[in-house]
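Novice: predicted model and sequence below, questions to follow.
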Amino acid sequence: VQLQASGGGLVQAGGSLRLSCAASGGTFSNLAMGWFRQAPGKERGFVAAIAAAGTRYTESVKGRFTISRDNAKNTVYLQMNSLKGEDTAVYYCAARPSRWIANAPDDYNYWGQGTQVTVSS
């Protein structure tokens, strides 16, 4: 499975961005998909995930971010609203062949290349 993330950029605090992650080489509907982020000097952390079992978000993004998927387009999205400075990071999409959601990076088998999100205050 190959993953290609896009949609990052520079946005002012309070603004919005939508990240996309296109998958190829596998049966997309069988994959659980996740978004992670890594800020400078910090470990890669869980943001959101979606699978047949549902969706899950880290507490700090609940009510602001929405993860969704379009199985016909083999794409997962992360709609990010009300962005804050602390959301600044490189965002990675990841996939695992499972119907269950996982939070830990080690539980994901495939990774995209990352897309930079910078929120200016």
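Specialist: Yep, it's here.

Novice: pLDDT below threshold where in this structure?
Specialist: Scanning the chain for pLDDT under 70 picks out nothing.

Novice: grab the most central residue of it for me.
Specialist: Trp35 (2.3 Å; C-alpha atoms, centre = their mean).

Novice: adjacent strands (with direction) for the helix or strand that contains Met33?
Specialist: Taking DSSP states H and E as the definition, one finds Met33 inside strand 32-38. Sheet pairing of strand 32-38 (DSSP bridges) gives strand 45-51 (antiparallel), strand 89-96 (antiparallel).

Novice: one step back: neighbours around the closest residue to the residue nearest to the centre of the chain other than its chain neighbours, how many?
Specialist: Sequence neighbours aside, Val47 is the residue nearest to Trp35 in space, at 4.3 Å (criterion: C-beta to C-beta, 6 or more residues apart in numbering). No exception for glycine: its C-beta is placed from N, CA and C like everyone else's. By the criterion of other C-beta atoms under 10 Å, Val47 has 25 neighbours.

Novice: in this structure Val47 contacts Glu59, no?
Specialist: No - between Val47 and Glu59 there is no contact under C-beta atoms under 8 Å: 10.8 Å.

Novice: about what we covered before: and the residue nearest to the centre of the chain, how far from Ser121?
Specialist: Distance from Trp35 to Ser121, counting by C-beta to C-beta, to the nearest Å: 23 Å.

Novice: pretty sure Arg69 is in a strand, no?
Specialist: Yes - according to DSSP: H, G, I helix; E, B strand; the rest coil, Arg69 belongs to a strand.

Novice: what's the helix or strand for the nearest residue to it once chain neighbours are set aside?
Specialist: Taking C-beta to C-beta, 6+ apart, and ignoring the residues beside it in sequence, Arg69 has Val76 as its nearest neighbour in space, at 4.6 Å. For Val76, the element it lies in under DSSP H and E is strand 75-80.
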